[in-house]
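[1] Sequence below, structure please.
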Amino acid sequence: MNATFTLRLKAFNRALAVLDLPEHVAIWKDQAPLIFTAKKSEAAVMTAALAEAAKKLEAESGGLTDEKQREETELEEAAFILSQALLLWLRDQNQESEAAEVAFSKSAWEDLRETQLLAKSQRVIDLVTGVTNGTRAEAAAAYGITAEELMKLKKERMDFALIVSEPGVAQSLRKALNKSLRPAFALVEMKFKELDSLILQYGKTPVGKAMIHTWSDARTQKGLNAAKDPKKPGAPAKPA
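    Numbers count the residues shown, from 1 in each chain. A predicted model of the protein is given here:
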């Protein structure tokens, strides 16, 4: 969930907390206009549902991130193991220039960026393909360089590429999920605007005016440092 949605959800909960203060409940609950009590209940239910949807979004996004990390690790492992066998083979064949291309430690593989990992693992695949399809395939098999191992590496690379190389898979999913929350947030905001209009009718007494002031403050606070809990307003200044 993006930062804007997070702040808006906190604002909804702040405003509800204002109404739930004991001294405020006595002002509005089952008091005219009676529709306010029903609207407040609807707002609370809608906000709770919105929070649950946001929680699900975080879980789904986190799951995708975990999958990406797992596939990346599996590709690094497979590429490292096969490249080590290939490195030894190439050196024994006095192919030093090709050997230099795959002379990577495990940590070096792990430090590669996504596009670098895909490119480097593809180079290993290309070199191994040349060996396993050539006249020395049987000799190379003694080093563990086989068509079977090549297929395993190809699969790991393809699995990782599906997450990384396809046009913004992870980013697209997050964007789509955030987009689906936008109309939900709009509906909840409309419900709170109804409360904004109705709450004004409770301003006929000092305590009612104080509640409206606190409500308005909770509804308009912005930014990451907005107060988490509603505060009672100080005594209003006396007119000059």
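
[2] The nearest residue to V207 once chain neighbours are set aside is in what secondary structure piece?
    Among residues not flanking V207 along the chain, I27 sits closest, at 6.3 Å (Cβ to Cβ, 6 or more residues apart in numbering). Where C-beta positions appear, they are placed from N, C-alpha and C, glycine not excepted. Per DSSP states H and E, I27 falls inside helix 22-28.

[3] burial count for the residue nearest to V207?
    19 (other Cβ atoms under 10 Å).

[4] Could you list which residues are in contact with I145?
    For I145, the contact set (Cβ atoms under 8 Å, 6 or more residues apart in numbering) comprises 82, 85-86, 89, 128, 131-132.

[5] Kindly recompute the last result at 6 Å.
    85, 89, 128, 131 (Cβ atoms under 6 Å, 6 or more residues apart in numbering).

[6] Just give me the closest of those to E77.
    Nearest to E77 out of those is A85 (Cβ to Cβ; 13.4 Å).

[7] Can you tell me the SS state at that closest one?
    Here A85 is helix, with the state taken from DSSP: H, G, I helix; E, B strand; the rest coil.

[8] That one contacts Y143, doesn't it?
    Yes: using Cβ atoms under 6 Å, A85 is in contact with Y143, at 4.8 Å.

[9] check contacts around M211.
    Contacts of M211 by Cβ under 6 Å, 6+ apart are 24, 27.

[10] From here on, call the first residue 522.
    Okay, residue one is now 522; in that scheme the one you just asked about reads as M732.

[11] which element is it on?
    helix 727-741.

[12] one step back: so which of the contacts of I666 sit within strands?
    In strands, defined here by DSSP state E, there are no members of these.

[13] circling back: just the residues contacting the helix holding I548, thanks.
    Here helix 543-549 has contacts from 557, 723, 729, 732, using Cβ under 6 Å, 6+ apart.

[14] Any figure for the gap between the first one and F533?
    I take that to be F557. The gap separating F557 from F533 is 16 Å, by Cβ to Cβ, to the nearest Å.

[15] The third one now?
    Relative to F533, G729 is positioned 22 Å away (Cβ to Cβ).

[16] higher neighbour count, the two?
    The neighbour comparison of G729 against F533 (other Cβ under 10 Å) goes to F533, with 23 against 18.

[17] Below-threshold pLDDT in this structure: ranges please.
    The model of the chain has pLDDT under 70 over residues 522-523, 578-587, 686-701, 742-761.

[18] now do 50
    688-691, 694, 745-761 (pLDDT under 50).

[19] Many thanks, have a good one.
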